[in-house]
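Chemist: What would the 3D arrangement of this be:
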Amino acid sequence: VAFVVCRSLEGLETFSYLEELILDNNLLGNDLLLPRLPHLHTLTLNKNQISFQRNTCKILLDHLAEVVPSLQYLSLLGNIACPNELVCKEKDEDDYQRYRYFVLHKLTNLKFLDTRKVTTREREEALIRGAFMKVVKPK
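Modeler: Below is the predicted model:
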């Protein structure tokens, strides 16, 4: 186990056997680019600036699927992309569930998303409807 304190993600590619990466509270956005980390199974991006603006979150999730193929645990709590009824009164549990389906559609190997285990039913719904579950507000 290695603990690395850094102000950028530069040089992260040298840790190719990294298994857990915590990037909470770093002002990271949808333009986050990680190097290929084939052994990474846990990634937390809590309290950053990840949102569902246009297709940028889809692009981020596609990027994660490509560069961290072993990812099993992802947490996006505290980001705009992760609807939270405790923080925003316009959001409810249905919004959060749609978000989960969308993320699970993109990252099919996840076993945990945020603080909750991925259920068999969620996985099935994500396969069927996940592509259409991106949470957006009409203009």
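
Chemist: what residue ranges in this structure score low on pLDDT?
Modeler: For the chain, applying pLDDT under 70 flags the ranges 1-7, 54, 85-89, 133-139.

Chemist: Show me where the chain has its helices.
Modeler: Under the criterion DSSP state H, the chain carries helices at the ranges 56-67, 93-106, 120-129.

Chemist: from the middle of its chain, how far away would the longest one be?
Modeler: Looking back up the chat, that one is helix 93-106. Averaging C-alpha positions (CA atoms, centre = their mean, to the nearest Å) puts helix 93-106 11 Å from its chain's average.

Chemist: any residues touching it, and which ones?
Modeler: The contact list for helix 93-106, computed with CB atoms under 8 Å, 6 or more residues apart in numbering, reads 58, 61-62, 64-65, 74, 76, 81-85, 110, 113-114, 116, 118, 122-123, 125-127, 129-131, 133-135. C-beta coordinates here come from the backbone N, C-alpha and C atoms, glycine included.

Chemist: Can you show me the strands along the chain?
Modeler: Secondary structure of the chain by DSSP state E: the strands cover 20-22, 42-44, 73-75, 112-113, 116-117.

Chemist: Let me have those strands in CSV, extended by distance to Arg98 and mean neighbour count.
Modeler: Shown next, in CSV, are these (distance: least, CB to CB, whole Å; neighbours: other CB atoms under 10 Å):
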stretch, distance to Arg98, mean neighbour count
strand 20-22, 26, 15
strand 42-44, 21, 18
strand 73-75, 16, 19
strand 112-113, 13, 16
strand 116-117, 14, 10
